[in-house]
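Undergrad: Give me the fold of what follows.
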Amino acid sequence: MSKGLIRAFSTVGGWTMASRILGLVREMLMARAIGTSPMADAFLTAFRLPNMFRRFLAEGAFNSAFVPMFRKRADDIEASRAFAQNAFSGLATIALILILLVQILTPAFVVLLSHGFSGDERLPLAVNYTRVTIFYIFFMSLAALLSGVLNSFNRFAMAAAAPVVLNVIMVAALTLMLFVDVANKGMVLSIAVFLAGLAQFAMLWWGAKKLGIKLGIKLPKWNADMKDLVRLALPSTFAAGVTQINLVVGAQIASTIVGAQSWLYYADRLYQLPLGVIGVAIGIVLLPSLTSMIKENDVEGGQIQLNTSVLFAMLLTIPSAAALFAIAGPLIQVLFEGGAFNRADTIATASAVSIYALGLPAFVLHKIYQPLYFAREDTRSPFRFALWSMVLNVVIAVGLMNVIGYMAPVWSSVISAWVMAFMLWRGTKSFGAAAVLTSATKRSIAIFFGAAIAMGCVSLLLSNLGASILEHGLGKWIMILIIISVSAALYFGIVMMVAKIRPSDIKKMMRR
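TA: Residues are numbered from 1 along each chain as shown. Now for the predicted structure:
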């Protein structure tokens, strides 16, 4: 693998890590400011709605078709600019129509996402917040396209840095609340989301302009390129829609219990930390790289990239999953407990985190294997797999909701994620040698699992021994750092001894 690809992994992963850490700070402040109150449920629903449509319109769907098509035109700046301009205008038009619809039918959209709000104080709050946060769709849909433009030119840093802006602005708003008594904290946070979307869009627009891709909002033209783009984007748009249906099912079930949406939100944010840093970073870099290799018919290069990506991702993901499963309680206690977030909230959130952890490797594998299809302009297969996964998710969630309550969507999400990962892997059989995992990669992954199990047992033992320390101020931070450090040293020590993988070996492998 080239140094350039690893540098790209590091760039995207580094900025994503910065964003996730700031995001964690944001959630810690939010937990103390609004906790799991009705206002918290209302704001999180208002924040989830534009994010749901953003993922449906742009990130997971539109860009999976846009990036390979734009990449093919990247050598001709005029052709690439014209293609991007038309796609930009089309996406802006769709986003504006959607915003108008939501503004007119806001209560219906809120109830569609959280029917449990009907008839209680959360509904009017969520409606007011949503009418502000919904503009985030416009800015972030276009920002996602601009990120695709930058990534296609291998300019990963600015696109990866953009999410940091959201967290900086929201952390600033939450910090302000610590010093100023704000009656409607949910509205302040909603305005912060609006401003963050505007700032992210402006930053990425300027970045694309520097590359000679200056885009504005014009009437879109329906031409052959747009027909091809829509043809490729529709299946992945439906696939993204399937994923959002899964989220809606979970939100609907959680909305029947006050506080449950907040528990699942905080749990989601914690397991999204490794998923974002590892899975998303690798997936973003792989798509344009694999597209180029397929264009050049480089089978060997494609296989090396896949194996290195899987090996690198599992080396970090498997121990992350083990840690989240074993010490979910102490982690939530240290990070979030305090202020409006009490011990009952910690227990409920930790239960969700420990189960989500079981699906973490599967979620990361989705990010690695989907680019194998998208790079070949096959967006239909992932849609078909996502459809089956959705059906399974809904059946399990609805079937278990009266048995385990808010934990039903957590279990259904994990089970359906592993089924989806299996289908994605099995579907690559027709791709030939470029999609084959070597025996060395499989053996290393098995060792990672064994080392992670040992690490999880030790971290659980240490957390039990230090339970009293975890109850107090500075001591709890020192104790959790000791647990993480000792556990990580054990895991990587076993990996180095048994799998004989050392930092220098990883560097050599990545430079092939």
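Undergrad: can you map out the helices along the stretch 401-512 of the chain?
TA: With helices called from DSSP state H, counting those that start in this stretch, the stretch 401-512 of the chain shows them at 408-427, 439-465, 473-494, 503-510.
Undergrad: Residue 219 contacts residue 88, correct?
TA: No. Between residue 219 and residue 88 there is no contact under Cβ atoms under 8 Å: 11.8 Å. In this view, the C-beta of every residue, glycine as well, is placed from N, C-alpha and C.
Undergrad: sorry, back to before: any idea which of the helices of the stretch 401-512 of the chain is most buried?
TA: helix 408-427 (a mean of 20; mean count of other Cβ atoms under 10 Å).
Undergrad: Any stretches of the stretch 101-250 of the chain with poor pLDDT?
TA: The stretch 101-250 of the chain contains residues with pLDDT under 70 at 154, 156, 235-245, 247.
Undergrad: before we move on, the earlier item: neighbour count: residue 219 and residue 88, which is higher?
TA: residue 88 (24 against 8; other Cβ atoms under 10 Å).
Undergrad: counting contacts, what elements does the one helix or strand the more buried one maps to pack onto?
TA: Using DSSP states H and E, residue 88 falls within helix 77-104. For helix 77-104, the contact count by 3 or more Cβ pairs under 8 Å, 6 or more residues apart in numbering; DSSP states H and E identifies helix 62-72, helix 122-133, helix 136-152, helix 224-254 as packing neighbours.
Undergrad: Touching, residue 271 and residue 356? I think so.
TA: Yes. Residue 271 is within contact range of residue 356, at 4.4 Å (criterion: Cβ under 8 Å).
Undergrad: Check the contact lists of these two and give me the overlap.
TA: residue 324 (Cβ atoms under 8 Å, 6 or more residues apart in numbering).
Undergrad: Check the secondary structure at residue 219 for me.
TA: Recorded secondary structure, residue 219: coil (DSSP: H, G, I helix; E, B strand; the rest coil).
Undergrad: contacting residues for it?
TA: residue 89.
Undergrad: so what's residue 158 closest to, chain neighbours aside?
TA: Once flanking residues are discounted, residue 158 sits nearest to residue 207: 4.3 Å by Cβ to Cβ, 6 or more residues apart in numbering.
Undergrad: got it, and residue 394?
TA: Spatial nearest neighbour of residue 394, excluding adjacent residues (Cβ to Cβ, 6+ apart): residue 249 at 5.5 Å.
Undergrad: Tell me which of the helices and strands packed on helix 77-104 sits most buried.
TA: Buried most deeply of the helices and strands packed on helix 77-104, by mean count of other Cβ under 10 Å, is helix 136-152, with a mean of 26.
Undergrad: Next SSE downstream of it?
TA: Taking DSSP H and E as the definition, the helix or strand right after helix 136-152 is helix 156-179.
Undergrad: hmm, which helix or strand of this protein has the shakiest average pLDDT?
TA: helix 503-510 (a mean of 55; mean pLDDT, DSSP states H and E).
Undergrad: Which elements pack onto the helix or strand harbouring residue 352?
TA: Per DSSP H and E: residue 352 is located in helix 343-374. With contacts taken as 3+ Cβ pairs under 8 Å, 6+ apart, helix 343-374 sits against helix 62-72, helix 260-274, helix 281-295, helix 299-326, helix 328-335, helix 380-404, helix 408-427.
Undergrad: mind putting these in TSV, distance to residue 484 and mean pLDDT included?
TA: Putting the helices and strands packed on helix 343-374 into TSV (distance: least, Cβ to Cβ, whole Å; pLDDT from 0 to 100) gives the following:
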stretch	distance to residue 484	mean pLDDT
helix 62-72	34	71
helix 260-274	13	83
helix 281-295	21	62
helix 299-326	7	84
helix 328-335	9	90
helix 380-404	29	86
helix 408-427	23	91
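Undergrad: Now residue 117: closest residue in space, sequence neighbours ignored.
TA: Nearest to residue 117 is residue 123, by Cβ to Cβ, 6+ apart, at 4.3 Å.
Undergrad: what's the spacing between the one you found and residue 45?
TA: According to Cβ to Cβ, to the nearest Å, residue 123 and residue 45 sit 9 Å apart.
Undergrad: next one: residue 165
TA: 23 Å.
Undergrad: Settle it for me: which of these two has more neighbours?
TA: residue 45 (28 against 22).
Undergrad: For that one, identify the helix or strand it belongs to.
TA: helix 38-54.
Undergrad: what angle separates that helix from helix 156-179?
TA: 160 degrees (axes from the mean of the first three to the mean of the last three Cα atoms, to 10 degrees).
Undergrad: Report the angle between helix 38-54 and helix 136-152.
TA: Going by the same axes, to 10 degrees, helix 38-54 makes 50 degrees with helix 136-152.
Undergrad: packing partners for helix 38-54?
TA: Secondary elements touching helix 38-54 (3+ Cβ pairs under 8 Å, 6+ apart): helix 3-34, helix 106-113, helix 122-133, helix 136-152, helix 185-210, helix 224-254, helix 260-274.
Undergrad: Counting neighbours, which bits of it end up buried?
TA: Buried residues in helix 38-54, counted by 16 or more other Cβ atoms under 10 Å: 38-54.
Undergrad: Same check on stretch 381-396?
TA: For stretch 381-396, by 16+ other Cβ under 10 Å, it's 381-383, 385-387, 389-390, 392-394, 396.
Undergrad: ditto for stretch 114-122
TA: Buried, per 16+ other Cβ under 10 Å, within stretch 114-122: 114, 116-117, 122.
Undergrad: For those, give me CSV that also has distance to residue 476.
TA: What follows is those, written out as CSV (distance: Cβ to Cβ, whole Å):
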residue, distance to residue 476
114, 33
116, 34
117, 35
122, 32
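Undergrad: Between these, which sits nearest residue 469?
TA: Of all the buried residues of stretch 114-122, residue 122 has the smallest distance to residue 469: 37.5 Å, by Cβ to Cβ.
Undergrad: how much space is there between that closest one and residue 129?
TA: Residue 122 is 10 Å from residue 129, by Cβ to Cβ.
Undergrad: Repeat that for residue 365.
TA: Counting by Cβ to Cβ - residue 365 and residue 129 are separated by 35 Å.
Undergrad: cool, residue 461 as well?
TA: On the measure of Cβ to Cβ, residue 461 and residue 129 end up 44 Å apart.
Undergrad: Residue 45 against residue 114, yeah?
TA: Yes. Contact criterion Cβ under 8 Å: residue 45 and residue 114 qualify, at 5.0 Å.
Undergrad: what touches both of the two?
TA: 122, 126, 251, 255, 261.
Undergrad: Turn those into a markdown table, including distance to residue 267.
TA: Formatted as a markdown table, those follow (distance: Cβ to Cβ, whole Å):
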| residue | distance to residue 267 |
| --- | --- |
| 122 | 20 |
| 126 | 20 |
| 251 | 13 |
| 255 | 16 |
| 261 | 11 |
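Undergrad: Closest one of those to residue 414?
TA: residue 251 (16.8 Å).
Undergrad: Is the closest one in contact with residue 111, as I believe?
TA: No. Judged on Cβ under 8 Å, residue 251 makes no contact with residue 111 at a distance of 11.1 Å.
Undergrad: hmm, back to that, can I get the helices and strands packed on helix 38-54 in TSV including distance to residue 419?
TA: Shown next, in TSV, are the helices and strands packed on helix 38-54 (distance: least, Cβ to Cβ, whole Å):
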stretch	distance to residue 419
helix 3-34	26
helix 106-113	25
helix 122-133	32
helix 136-152	27
helix 185-210	33
helix 224-254	12
helix 260-274	18
